[in-house]
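**Student:** here's my sequence, what's the structure:
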Amino acid sequence: MKRAFDVILYGATGFVGRQTARYFAQHAKGLRWAIAGRSAAKLQALRDELATAAPGIVVADAGDAAALVALAAQARVVLSTAGPFARFGSELVAACVRRGTHYVDITGETPWVRQLIDRHHTAAAKNGTRIVPGCGFDSVPSDLGAWLVAQALWQQHGERCTSVKAAFSMRGGLNGGTAASMLNAFDEGVQVQLDDPFLLNPAGTAPADLEPHRDPAGARRDADFDAWLAPFLMGQINTRVVRRSAALLAANESANGPYAKDFTYQEYARVGRGAGGALAATSLALGMAAGRAAMSLAPLRRIAARFVPEPGAGPSERAMDKGSFRCDLVGVGERGTLERGRIAGRGDPGNRATTIFVCEAALALAQGGPSLPGGADFGGVLTPATALGSALAERLRAAGMTVEPTVV
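**Tutor:** This next block holds a predicted model:
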């Protein structure tokens with residue numbers, strides 16, 4: 001596509017958006033890129049801050065469909081950090097599908113992603129447009145990690161993967177955009193959708209027996225991780241994305257996908273060992289259950305909103321630099337072979353790591369071409385693994401992250 005820009009960063013003046021602009025200023029050498037949002041003054045101030053990079057500026061309000069179509073027509077790839085995405089993302093995605101412009105974002109709003117699938121998957125698949133939500137900490141480590149483990153079992157042992165489990169360790173803070181998205185999900189009244197383990201799956205691919213796929217509720221000790229585990233805060237998001245990847249690969253016979261038909265995936269927070277670990281895991285599980293119940297009540301959500309960062313705000317630079325994350329994975333093949341994986345990195349997972357994930361995803365789309373999974377004409381409302389695969393894994397390794405195992 002011959003466009004004015006290779007990548008446009010939408011929502012560039014928000015908290016994560018400013019980090020994406022700084023990342024592009026350092027890493028997008030040779031690419032034509034622009035920053036975009038609704039305020040020309042804020043965009044110009046950010047451009048002045050990035051003086052040596054001198055990106056283009058595109059002004060478009062999230063509710064102005066015509067302006068967003070014009071924006072999409074100028075880019076090969078749009079990267080959006082403008083959440084809550086259920087409020088500010090729908091017209092932008094529609095514009096990208098209409099103009100055949102690839103799209104990535106950092107949403108964890110799975111009910112909204114379900115809407116994108118229903119509205120745009122067929123058209124995007126037909127015109128070869130890759131719409132890839134969930135390219136931040138939700139849900140790259142889970143989705144790419146599970147796919148790498150499954151692919152290694154298939155390539156190295158000739159076994160399809162029957163199950164993967166993941167255990168997360170992390171240290172980081174919360175930004176205002178993430179907090180707003182979480183509160184907005186409860187305001188939208190989508191809890192029934194959130195509870196569906198196969199919310200994002202193609203029609204007809206959910207198994208009859210849902211019990212092995214239900215979200216974990218309590219603490220457990222796991223011998224493979226040698227640790228006590230508790231439910232993971234973002235597991236209700238990430239598991240749905242991984243299951244969509246498995247279903248999409250199974251449906252694409254030419255991909256000869258690595259997932260077994262009865263594939264299961266779960267993920268947990270890794271807490272600790274011994275009696276202390278058991279107590280901490282039990283406390284975390286109970287606390288999460290209580291918090292979820294509280295957030296279902298509008299008066300308590302209004303109180304909670306007073307204590308979280310405002311949109312555009314977040315942790316300090318020092319705090320983000322001190323953060324870290326690790327996602328350890330264990331996969332099992334059809335004959336019982338175990339394969340381990342790990343995706344890990346330094347920096348606050350919801351901010352520093354998310355910035356790397358989504359920026360490298362956009363750069364992979366801008367520069368990948370025929371090397372991307374499915375070839376140049378592949379499209380649809382996809383997942384990080386199905387849209388980007390090894391191309392993203394290689395870029396993340398080059399960016400300094402641990403990404404294992406290595407597959408072709």
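**Student:** all contacts plus neighbour counts: C-alpha atoms, from now on.
**Tutor:** Noted.
**Student:** just the helices in the stretch 151-300 of the chain please.
**Tutor:** Under the criterion DSSP state H, counting those that start in this stretch, helices of the stretch 151-300 of the chain are mapped to 176-187, 191-194, 235-251, 274-295, 298-305.
**Student:** which elements pack onto the shortest one?
**Tutor:** So the one you mean is helix 191-194. With contacts taken as 3 or more C-alpha pairs under 8 Å, 6 or more residues apart in numbering; DSSP states H and E, helix 191-194 sits against helix 110-127.
**Student:** any idea which of the helices of the stretch 151-300 of the chain is most buried?
**Tutor:** helix 235-251 (a mean of 24; mean count of other C-alpha atoms under 10 Å).
**Student:** hmm, back to that, which one of the helices of the stretch 151-300 of the chain lies nearest to residue 103?
**Tutor:** In this view, the helices of the stretch 151-300 of the chain are compared for proximity to residue 103 by C-alpha to C-alpha, and helix 235-251 is the closest at 16.5 Å.
**Student:** need the residues that contact that closest one.
**Tutor:** 108-110, 138-139, 142-143, 146, 194-195, 197-202, 205, 215, 255-259, 261, 263-268, 382-383, 385-386 (C-alpha atoms under 8 Å, 6 or more residues apart in numbering).
**Student:** point to the residue nearest the middle of this protein.
**Tutor:** residue 134 (2.6 Å; C-alpha atoms, centre = their mean).
**Student:** pLDDT score for residue 255?
**Tutor:** We have a pLDDT of 52 for residue 255.
**Student:** sorry, wrong one. I was asking about residue 220.
**Tutor:** pLDDT, residue 220: 95.
**Student:** the one 4 residues further on now?
**Tutor:** pLDDT, residue 224: 96.
**Student:** likewise residue 231?
**Tutor:** On the pLDDT scale, residue 231 gets 95.
**Student:** what residues are up against the nearest residue to it once chain neighbours are set aside?
**Tutor:** Distances taken as C-alpha to C-alpha, 6 or more residues apart in numbering place residue 268 nearest to residue 231, at 4.9 Å, with adjacent residues excluded. The contact partners of residue 268, by C-alpha under 8 Å, 6+ apart, come to 165-168, 216, 229-232, 235.
**Student:** flag every buried residue along stretch 378-397.
**Tutor:** For stretch 378-397, the neighbour count (16 or more other C-alpha atoms under 10 Å) marks 378-396 as buried.
**Student:** is it true that residue 320 touches residue 353?
**Tutor:** No - using C-alpha atoms under 8 Å, residue 320 makes no contact with residue 353, being 9.4 Å away.
**Student:** walk me through the domains of the chain.
**Tutor:** 5-137+352-404, 140-348 (automatic domain parsing).
**Student:** by mean pLDDT, show me the worst of those.
**Tutor:** domain 140-348 - the lowest mean pLDDT of the domains of the chain, at a mean of 88.
**Student:** first-to-last residue distance for that one?
**Tutor:** 15 Å (C-alpha to C-alpha, to the nearest Å).
**Student:** one step back: shared neighbours, residue 320 and residue 353?
**Tutor:** residue 347.
**Student:** ok so, going back, which ones are touching the residue nearest to the centre of the chain?
**Tutor:** With C-alpha under 8 Å, 6+ apart, residue 134 has these contacts: 104-108, 140, 383-384.
**Student:** closest one to residue 292 out of these, please.
**Tutor:** residue 108 (16.2 Å).
**Student:** the closest one in helix, strand or coil?
**Tutor:** coil (DSSP: H, G, I helix; E, B strand; the rest coil).
**Student:** that one and residue 134: what is the separation?
**Tutor:** Residue 108 is 6 Å from residue 134, by C-alpha to C-alpha.
**Student:** ok, residue 73 touching residue 102?
**Tutor:** No - under the criterion of C-alpha under 8 Å, residue 73 is not in contact with residue 102, lying 10.8 Å apart.
**Student:** the closest residue to residue 148 other than its chain neighbours: how many residues sit nearby?
**Tutor:** Distances taken as C-alpha to C-alpha, 6+ apart place residue 405 nearest to residue 148, at 6.2 Å, with adjacent residues excluded. Counted with other C-alpha atoms under 10 Å, residues neighbouring residue 405 total 19.
**Student:** how near is residue 405 to residue 343?
**Tutor:** Distance of residue 405 to residue 343, given as C-alpha to C-alpha: 9 Å.
**Student:** residue 228 too?
**Tutor:** Relative to residue 343, and taking C-alpha to C-alpha, residue 228 is found at 20 Å.
**Student:** buried ones in the helix or strand containing residue 364?
**Tutor:** Using DSSP states H and E, residue 364 falls within helix 354-368. Going by neighbour count (16+ other C-alpha under 10 Å), the buried part of helix 354-368 is 354-366, 368.
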